[in-house]
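Asks: Dropping the sequence and predicted coords here.
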Amino acid sequence: MANSTKSGIAEPPAGHRLVIVEGMMGSGKSTTMRLIAKHLQDSGQPALPIHEKTEPHPVRATDELEHWFEPWRDATPQHLAERALIRWTAFVEATRADIPIPVMDGQLFHGDLTHLLLMEAESPLISGYMQALAAVIAPLNPFVLYLWQEDVEEAVRTVCADRGPEWINYQVNWKLAAPFCVRRGYKGLEGLVSPYRDYRRITDDLFRQLPFAKLAIENSAGDWQAYERQILQGLRLPS
């Protein structure tokens, strides 16, 4: 059981004041975020699950843009990166003064970084943004869980099959209208797979560089009992 403070509230496991669950669409981020929040609460530590669809979202930089769904219509990549760092800075300050541990569904990679890729941000901008963001959240001693799949095409096709034609059309009509995809001529379902290969290459590299406690799980096999044990061990929570 986690150590208790004089107030009777358990101390954060391993001192983490933020947990971020990362991965591409359909990787299990939301389910895992809720699982971690529940285990934190069961161990005596209040937790605050933050879904990617939370409104208003505490860190999402596209909020308040006129075309929040297509930020390339309102902002440059540099502008979006600056907005994101401002929102993250405010979030960190608020979290340091609060008790619950935020457990966040994406937003380190899946979120504004996705938008930066779709906006054709250059590699130095993305790298510099992530280095600055890592410095901003460092005071919270974050723990980053990275869910990934060896075969990107199979992973994308699986989530598309699970979620159906309406969801596929929504993804294709949104993402393939972005400058990154238009310039490369990406079309249809195969076109949706292609940017995720680029995304995975970038996020794999960024994850390796993160200077925090972190855990990567290849979860193609769907053995969630085994994954749960790894996650709880990584967070030093009782199973």
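Replies: Right, received. Where do you want to start?
Asks: all contacts plus neighbour counts: C-alpha atoms, from now on.
Replies: Fine.
Asks: Give the closest residue to the most centrally placed residue in the chain in space, chain neighbours not counted.
Replies: Taking C-alpha atoms, centre = their mean, the centroid of the chain lies closest to residue 106, which sits 1.7 Å from it. Among residues not flanking residue 106 along the chain, residue 22 sits closest, at 4.8 Å (C-alpha to C-alpha, 6 or more residues apart in numbering).
Asks: can I assume that neighbour is in contact with residue 105?
Replies: Yes - Residue 22 is in contact with residue 105 according to C-alpha atoms under 8 Å; the separation is 6.8 Å.
Asks: Now for the two: what residues contact both?
Replies: residue 29 (C-alpha atoms under 8 Å, 6 or more residues apart in numbering).
Asks: what does the helix of greatest length in the chain rub up against?
Replies: Counting by DSSP state H, the longest helix found in the chain is helix 152-175. The contact list for helix 152-175 (C-alpha under 8 Å, 6+ apart) reads 25-27, 69-70, 118, 149, 181, 187-189, 191-193, 196-197, 200, 220.
Asks: Excluding chain neighbours, what is closest to residue 51?
Replies: Spatial nearest neighbour of residue 51, excluding adjacent residues (C-alpha to C-alpha, 6+ apart): residue 105 at 5.1 Å.
Asks: related to what we said a few turns ago, so what's the residue nearest to the centre of the chain up against?
Replies: Residues in contact with residue 106, defined by C-alpha under 8 Å, 6+ apart, are 20-23, 29, 52.
Asks: before we move on, what about residue 51?
Replies: Each residue near residue 51 by C-alpha under 8 Å, 6+ apart is listed here: 30, 33, 104-105.
Asks: what about stretch 61-77, average pLDDT?
Replies: Mean pLDDT, stretch 61-77: 94.
Asks: let's number from 616 now, not from 1
Replies: Sure, I'll start counting at 616 from here, so that last one is stretch 676-692.
Asks: so how far is residue 657 from the closest residue to residue 639 other than its chain neighbours?
Replies: With sequence-adjacent residues excluded and distances taken as C-alpha to C-alpha, 6+ apart, residue 639 is closest to residue 725, at 6.5 Å. Noted for residue 725: a distance of 28 Å to residue 657, by C-alpha to C-alpha, to the nearest Å.
Asks: When those two are compared, which one has more neighbours?
Replies: Just comparing residue 725 and residue 657: by other C-alpha atoms under 10 Å the higher neighbour count belongs to residue 725, 19 against 14.
Asks: Enumerate every residue touching the more buried one.
Replies: Applying C-alpha under 8 Å, 6+ apart, the residues contacting residue 725 are 637-639.
Asks: Surely it is in a helix?
Replies: No - counting by DSSP: H, G, I helix; E, B strand; the rest coil, one finds residue 725 to be coil, located in no helix.
Asks: and the gap between it and residue 818?
Replies: 9 Å.
Asks: same thing with residue 670?
Replies: Residue 670 is 25 Å from residue 818, by C-alpha to C-alpha.
Asks: And residue 787, by the same measure?
Replies: Distance of residue 787 to residue 818, computed by C-alpha to C-alpha: 21 Å.
Asks: Who has more neighbours out of the two?
Replies: Higher neighbour count among residue 787 and residue 818: residue 818, with 21 against 18, using other C-alpha under 10 Å.
Asks: Helix or strand for that one, just tell me which one.
Replies: Element membership for residue 818 (DSSP states H and E) is helix 803-824.
Asks: Give me the buried positions along that helix.
Replies: Neighbour-count burial for helix 803-824 flags 804, 806-811, 814-815, 817-818, 822 (criterion: 16 or more other C-alpha atoms under 10 Å).
Asks: Which other helices and strands does it contact?
Replies: When contacts are defined as 3 or more C-alpha pairs under 8 Å, 6 or more residues apart in numbering; DSSP states H and E, helix 803-824 packs onto helix 767-790.
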